[in-house]
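A.B. asks: Next comes the sequence, and after it the predicted model I'd like to discuss.
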Amino acid sequence: MTSESLPGPAEPYRGRARPGTSLRAAAGAVPPSGLVLLAILSVQLGAGLAKNLFAELPPSGVVLLRIAIGAAILVPFAPPRLRGLGRRDLAVGAVFGLSLGIMNLSFYEALARLPIGIAVTIEFIGPLGVAVFASRRRLDLLWVALAGAGVILLAPWGQAGDTSWAGIGFAALAGACWAAYILLSAATGARFPGTSGLSLAMIVATIVTAPVGVASGGTDLLRPDVLLIGAGIGLLSSVIPYSLELEALRRMPKRVFGILMSLEPAVAALVGLFVLGEILQVREWAAIGCVVVASIGATRSG
């Protein structure tokens, strides 16, 4: 989320790394709304690619690859600047990195147990909660109720299907960490120059995820084909979308940007359908629609 409501480059979305200039230049010819939709599609394609990699690596191993490659891309361009910072500043940056690491670990564990559209929808409750809390308008109670109805519809109340309580739990934890990430991102940005706070967070997140990632992935993490796919996940999930979002925000109001970002759960479900072959029930599509409408409503009224 940006300072308004939904995620944006001002507080980098889910750990996306700073891009190069060539992609920004190429994006100049595309309408800003198209850039946002392409960014959302890129992120979800990255998640789909990650899910396919679970056949070769456990989710924690894939998370380590994604974060470590993201750090390798970001840190050389924006190394952490620690001179003149106090212990409290460093602590904020470290907790920011901790939230980033746990958020990705829990989301990928959810992705291993749920269709991607359901996982993203439940996770999206975190940023929606931040938007509603920041607004504090009575109308937002309606959006909270609508989002809650969506989550209730997704729960496997004695029904057979692809939804599991463990997956819902991991997705909810990812959403909580995403909410913390938004708040900590703003605090880190206020204390660190440029994106050096994000660089520090990426290093911390790599350290946090390394023990479980190495323990689960082992030597498979060093396989050339796995590394190549991991690089693709990093590009699709971090570099490309951040570049597109940054360019879009230069050319459109932040509130419009936030409304478009609210479409992410629906795009995730479509990627799950057409890329991963994940067929959702009508009830699950209705739940996704509830969360999308609630997010758009909270953004418009925030």
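C.D. replies: Noted; the coordinates are in hand.
A.B. asks: Give the helix, strand or coil label for P79.
C.D. replies: Of the three states, P79 takes coil under DSSP: H, G, I helix; E, B strand; the rest coil.
A.B. asks: so which strand or helix has the closest residue in space to it that isn't next to it in sequence?
C.D. replies: The shortest distance from P79 to any non-neighbouring residue, by CB to CB, 6 or more residues apart in numbering, is to S199 (6.0 Å). For glycine as for every other residue, the C-beta is placed from the backbone atoms N, C-alpha and C. Using DSSP states H and E, S199 sits in helix 196-217.
A.B. asks: Output that helix as CSV, restricted to C-alpha atoms.
C.D. replies: The C-alpha trace of helix 196-217 is given here as CSV (Å, rounded to 0.1, in the frame of the first residue of the first chain):
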residue,chain,number,x,y,z
SER,A,196,18.6,1.7,1.1
GLY,A,197,16.1,0.6,3.8
LEU,A,198,14.6,-1.8,1.4
SER,A,199,18.1,-3.1,0.6
LEU,A,200,18.7,-3.8,4.3
ALA,A,201,15.3,-5.5,4.5
MET,A,202,16.1,-7.7,1.6
ILE,A,203,19.4,-8.7,3.2
VAL,A,204,17.7,-9.5,6.5
ALA,A,205,14.9,-11.4,4.7
THR,A,206,17.5,-13.5,2.9
ILE,A,207,19.2,-14.3,6.3
VAL,A,208,15.8,-15.1,7.8
THR,A,209,14.8,-17.5,5.0
ALA,A,210,18.2,-19.0,4.4
PRO,A,211,18.2,-21.7,7.2
VAL,A,212,14.8,-23.2,6.3
GLY,A,213,15.4,-22.7,2.6
VAL,A,214,18.8,-24.4,2.6
ALA,A,215,17.5,-27.2,4.9
SER,A,216,14.6,-28.0,2.7
GLY,A,217,16.1,-27.3,-0.7
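A.B. asks: buried sites along that helix?
C.D. replies: 196-209, 212-213, 216-217 (16 or more other CB atoms under 10 Å).
A.B. asks: just checking, next helix/strand downstream of it?
C.D. replies: helix 224-234.
A.B. asks: packing partners for the helix or strand following that next one?
C.D. replies: Using DSSP H and E, the helix or strand that follows helix 224-234 in sequence is helix 240-251. Applying 3 or more CB pairs under 8 Å, 6 or more residues apart in numbering; DSSP states H and E, we find helix 240-251 packed against helix 21-27, helix 32-53, helix 254-261.
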